[in-house]
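Trainee: generate a structure from the sequence data that follows.
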Amino acid sequence: MTSVYDLNSLAAVVQFAGWTLVVIAATAAVFRSFPAQELKARRLRAANETATEVNKAMFEIRTGLKWNAALARGDEMAAKVPLSDAELAERRKRVNVEFDRTVWRRALSYFLECPMCQSFWTALAIFLLTTPAASWWPDLTPTALAYTTASAVLLALPGTTADARQRPAARNARRGGGCGG
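Mentor: This is a model prediction of the structure:
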């Protein structure tokens with residue numbers, strides 16, 4: 001892999017462009033593969049269950065009433081059961097514990113789901129695997145950032161694979177729905 005500091009000839013620039021395509025392909029292969037999407041779905045399912053419980057507790061803290069589905073929908077006939085101060089304190093404690101417990105998981109998922117971060121991690125790994133160990137440390141971060149930027153620019157160009165991955169806008173439901181028909 002060409003270091004960003006070695007871009008001093010046309011051959012090096014062409015090699016850099018080739019390695020940029022390798023970074024794009026490897027990023028797609030690793031982060032958009034079926035196993036990666038399956039892991040993401042499982043993580044999201046677990047996060048949604050946690051978020052549901054936190055949202056219920058936040059509703060109870062905000063309203064001072066015990067949560068029930070009818071009350072949350074705004075039903076006038078729903079039973080409004082007030083919570084005691086001890087119950088409200090317990091809900092606040094539970095929300096704070098959940099936020100503290102999940103902060104690292106949420107940060108990790110952000111850095112693994114961000115397309116720029118995915119390109120960065122892939123470029124970093126490829127650079128570490130293809131460069132002799134004695135010479136990679138000073139070039140590591142700038143080179144990974146250069147490959148990330150180059151891949152982002154290439155993917156942002158019109159007519160690239162990024163355009164093909166985007167879903168067409170959903171159609172008006174009165175005119176035939178969003179099925180494309």
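Trainee: wait, what's in contact with the residue nearest the centre of the chain?
Mentor: For the chain, E113 is the residue whose C-alpha lies nearest the centre (Cα atoms, centre = their mean; 2.6 Å). E113 makes contact with K40, according to Cβ atoms under 8 Å, 6 or more residues apart in numbering. Just so you know, the C-beta spots here come from the backbone N, C-alpha and C atoms, and that holds for glycine as well.
Trainee: could you do T102 as well?
Mentor: By Cβ under 8 Å, 6+ apart, the neighbours of T102 are A47, T50.
Trainee: separation between it and L129?
Mentor: Distance check for T102 against L129: by Cβ to Cβ, to the nearest Å, it reads 32 Å.
Trainee: please apply the same query to P138.
Mentor: 18 Å.
Trainee: what does W67 show for phi and psi?
Mentor: Torsion angles at W67 (phi, psi; degrees, to the nearest 10) stand at phi -70, psi 140.
Trainee: that one - how many residues pack around it?
Mentor: Burial of W67 is recorded as 16 neighbouring residues (other Cβ atoms under 10 Å).
Trainee: mind listing what's buried in the helix or strand that contains P142?
Mentor: Per DSSP states H and E: P142 is located in helix 140-156. By neighbour count on 16 or more other Cβ atoms under 10 Å, the buried set for helix 140-156 is 140, 143-152, 154-155.
Trainee: for that helix, packing partners?
Mentor: Helix 140-156 is packed against helix 10-31, helix 115-130, helix 161-165, with contacts defined by 3 or more Cβ pairs under 8 Å, 6 or more residues apart in numbering; DSSP states H and E.
Trainee: and the furthest pair within the buried residues of helix 140-156?
Mentor: Within the buried residues of helix 140-156, two members stand farthest from each other by Cβ to Cβ: L140 and L155, at 22.7 Å.
Trainee: tell me how many other residues surround A125.
Mentor: 14.
Trainee: report pLDDT for it.
Mentor: Among the per-residue scores, A125 shows a pLDDT of 87.
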